[in-house]
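Engineer: Please work out how this folds:
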Amino acid sequence: MATWTLAQSPETEAPPMTSPNPEHSSARTIPELRRYKADDGRPPLVMVTAYDAPTARFAVEAGVDILLVGDSVGTTLLGYDSTVPVTIDDILHHTRAVRRGAPGAHIVADLPFMTYQVSDEQAVANAGRLLKEGGADAVKLEGGLALASRVEAIARAGIPVVGHIGLTPQTAGLLGGFKVQGQEFVSARALIDDAIAVARAGAYMLVIEVVPSALAELVTDQVSIPVIGIGAGAGCDGQVLVLHDLLGIEDRHAARFVKRYGTLATDMRAGIAAFASDVRSGAYPAPEHTYKMKSSVLAELRDSLERERS
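Structural biologist: As a prediction, the model looks like this:
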């Protein structure tokens, strides 16, 4: 999942985390998520991306159900133009940080481009690293029917796996760019088949990105696993957004489906500018920002320096 422009078309242990609403605990287990659709009374699942310990902690304290260490880290934090350059080591680094910040959270880590496409064996090995070395609870990979064998191999190895269909940013070039998927019968039917194939292969959850809301609702009805939408309407079992988009940290552009819940980029610029202004004017640091030393020690230091100069 990536941050992109979409045309406006129709080594210390962290303390335990607490949620402001105990009914929306962020500690979700795989069996709980598998059974999610059997309970019609539950509210939709909430997933956000997290790439470091502080934001992981904040998200859990806010009551988020699932944290995604997405390959969107490439476009949000690492300065890449796409998710393609992101490496397995990048995801491992950020997954470890997220786990340290949210030790009790349910964490899904993305398998980056070309870390699972070559073979089932490659997919299992890299998925295993994200759990064993990174501390993730599950991995996510992009692709439908064509990648079902990868999902099956990873799941057969005992590694929980999340599918991702619709707009798949790692292979956006093959899809004609970052645009809505499944708008015609053939492509829409293919997406339904993709969802069914991924679910049958053993995925316990599915992300569907940038498709018509009616199609996403059909997909959600066709599979027995939770479907998390991004740009896919309200008919899914849950929703996910990139944290930098929803908080307004990334404010240069936004996809149609992004809703801003903060203006942190504005606040960050203002805060940094105020700091720079205070430093240049001498207003910072003020006496209340400094530390004192004993006058006797200061006098002794000055005397010693004076003796050295004489």
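Engineer: so where is the stretch 151-300 of the chain shaky, pLDDT-wise?
Structural biologist: 172-173, 175-177 (pLDDT under 70).
Engineer: so where do the strands sit in it?
Structural biologist: 161-166, 205-209, 227-230, 238-241 (DSSP state E, counting those that start in this stretch).
Engineer: can you list contacts of the second one?
Structural biologist: Same thing as strand 205-209. The set of residues external to strand 205-209 that reach it, using Cβ atoms under 8 Å, 6 or more residues apart in numbering, is 1, 33, 108, 138, 140, 162-169, 181, 191, 195, 198-199, 216, 219-220, 223, 225-232, 236, 240. C-betas here are computed from N, CA, C, even on glycine.
Engineer: can we see that at 6 Å?
Structural biologist: With Cβ atoms under 6 Å, 6 or more residues apart in numbering as the test, strand 205-209 has contacts from 33, 162-167, 198, 216, 219, 225-232.
Engineer: can you pull out the helices in the protein?
Structural biologist: In the chain, the helices defined using DSSP state H lie at 30-34, 53-61, 73-76, 88-101, 120-132, 148-156, 185-201, 213-222, 243-246, 264-281, 295-309.
Engineer: and the residue most central in space within the chain, what does it touch?
Structural biologist: Nearest residue to the geometric centre of the chain (Cα atoms, centre = their mean): Thr49, 2.0 Å. Neighbouring residues of Thr49 by Cβ under 6 Å, 6+ apart: 68, 70, 72, 242-243.
Engineer: Please enumerate residues in contact with stretch 88-107?
Structural biologist: 14, 17, 26-28, 50-53, 56-57, 60, 66-67, 69, 73, 109-110, 112, 115, 126, 133-137.
Engineer: Let me have the strands of the stretch 151-300 of the chain in JSON lines, extended by mean neighbour count and distance to Arg252.
Structural biologist: Converted to JSON lines, the strands of the stretch 151-300 of the chain look like this (neighbours: other Cβ atoms under 10 Å; distance: least, Cβ to Cβ, whole Å):
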{"stretch": "strand 161-166", "mean neighbour count": "27", "distance to Arg252": "24"}
{"stretch": "strand 205-209", "mean neighbour count": "27", "distance to Arg252": "20"}
{"stretch": "strand 227-230", "mean neighbour count": "27", "distance to Arg252": "19"}
{"stretch": "strand 238-241", "mean neighbour count": "22", "distance to Arg252": "16"}
